[in-house]
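In: Need coordinates for the below:
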Amino acid sequence: MTEPRRTESRKTVAMLAPMVPELAPLKRKIPLQRTDEGNGAYSHVGHVGDVLVVAAITGIGTQPAKETTERLLDGIAVDHVMVVGIAGGMGLSVAIGDLVIPELVIDEATGKQVRPNVLGSATPRGTIVTSDRFGYDDETNARFIADGVVSVDMETSAVGLVCEARGVPWSAYRGISDRGDDDTVDVEVLKLAGADGSGNGRALAKYLLRRPWKILYLAKLGMGTMKAVNVAADAAIAACADVR
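Out: Just a heads-up that it's a prediction; the model follows:
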């Protein structure tokens, strides 16, 4: 699919999904089509009304997210960047399937803070903490929750910091897929996803061979992920109408 020519009246939104399952509902709902026109800056293109949408998968983690955002902004001028995907819930104020549009995002490794741009009538709430760590100890979880942290992820601050440095407006839409405030999520599950969330069948088979009782757990996690990716995608798509 050839990218439409960008005009002064057309707005362009970039949607960055960390993993394949997070891009999937955007591909279906917008819809998005695969394209080679981005020359590596993005992989999919579509329209939401008069808004041109370009999209890419960042991969899991802060460094891949940073590099993908830089490559995207080097390759195309956009009016707004959206991070769209899942996150681990923190505290009693969020449940599986809830949408988080954060007021504040903190990069846990550096302590740097960024504030997403609020689009339309959306009501942001709480803080997202981003890091490459998978799981925190009970003391850290309690401190996060007391400080207003409602979710944790591995990419949002990296995207936000690049956008802020380049003066590009950005926002984040994260659906709660699992708990980040307890030990119910096995770190081995992250390895099953692979670098882009496309899945590793051999690793999954080995995981279940050693832990056959985890089948129901993985099914529950999958259901939570489906709820989360859809609520995040719906919010991002709706927000396109408010890009100025």
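In: what's the helix or strand for the most centrally placed residue in the chain?
Out: In the chain, the C-alpha nearest the mean C-alpha coordinate belongs to G85, at 3.0 Å (Cα atoms, centre = their mean). In the assignment (DSSP states H and E), G85 maps to strand 80-89.
In: Which elements pack onto that strand?
Out: Judged by 3 or more Cβ pairs under 8 Å, 6 or more residues apart in numbering; DSSP states H and E, the packing partners of strand 80-89 are strand 12-17, helix 20-29, helix 62-75, strand 149-153, helix 156-166, strand 170-179, helix 215-239. Quick note: C-beta positions are derived from backbone N, CA and C, even for glycine.
In: Name the strands paired with it and say parallel or antiparallel.
Out: If you go by DSSP bridges, strand 80-89 pairs up with strand 12-17 (parallel), strand 149-153 (antiparallel), strand 170-179 (parallel).
In: what angle separates the last one from helix 62-75?
Out: The one in question is strand 170-179. 150 degrees (axes from the mean of the first three to the mean of the last three Cα atoms, to 10 degrees).
In: Give me the angle between strand 170-179 and helix 20-29.
Out: Using the same axes, to 10 degrees: strand 170-179 against helix 20-29 is 120 degrees.
In: could I have strand 170-179 exported to PDB, CA atoms only?
Out: Extracted C-alpha coordinates of strand 170-179, given in PDB (Å, rounded to 0.1, in the frame of the first residue of the first chain):
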ATOM      1  CA  TRP A 170       2.600  12.200  22.500                       C
ATOM      2  CA  SER A 171       0.200  10.200  24.600                       C
ATOM      3  CA  ALA A 172      -0.100   6.700  26.100                       C
ATOM      4  CA  TYR A 173      -3.000   4.200  26.200                       C
ATOM      5  CA  ARG A 174      -2.300   1.100  28.300                       C
ATOM      6  CA  GLY A 175      -4.800  -1.700  29.100                       C
ATOM      7  CA  ILE A 176      -4.300  -3.600  32.300                       C
ATOM      8  CA  SER A 177      -3.500  -7.200  31.300                       C
ATOM      9  CA  ASP A 178      -2.100  -8.700  34.500                       C
ATOM     10  CA  ARG A 179      -1.000  -7.700  38.000                       C
END
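In: angle of it against helix 156-166?
Out: Here strand 170-179 runs at an angle of 170 degrees relative to helix 156-166 (the same axes, to 10 degrees).
In: buried stuff in strand 170-179?
Out: Buried residues in strand 170-179, counted by 16 or more other Cβ atoms under 10 Å: W170, S171, A172, Y173, R174, G175, I176, S177, D178, R179.
In: Likewise for the shortest one?
Out: Counting neighbours by 16+ other Cβ under 10 Å, one finds that the buried residues in strand 149-153 are V149, V150, S151, V152, D153.
In: One more: stretch 28-35?
Out: Neighbour-count burial for stretch 28-35 [16+ other Cβ under 10 Å]: I30, L32, T35.
In: returning to that earlier point: looking at the buried residues of strand 149-153, spot the one nearest E22.
Out: Nearest to E22 out of the buried residues of strand 149-153 is D153 (Cβ to Cβ; 10.8 Å).
In: need the contact list for the closest one.
Out: Going by Cβ atoms under 8 Å, 6 or more residues apart in numbering, D153 touches P18, G85, I86, A87, G88, I128, V129, T130, R174.
In: Who wins on neighbours among those?
Out: Within the contacts of D153, most neighbours by other Cβ atoms under 10 Å means G85, with 33 neighbours.
In: got any ranges where this protein has weak pLDDT?
Out: Residue ranges of the chain with pLDDT under 70: 1-9, 184-187, 190-191, 200-201.
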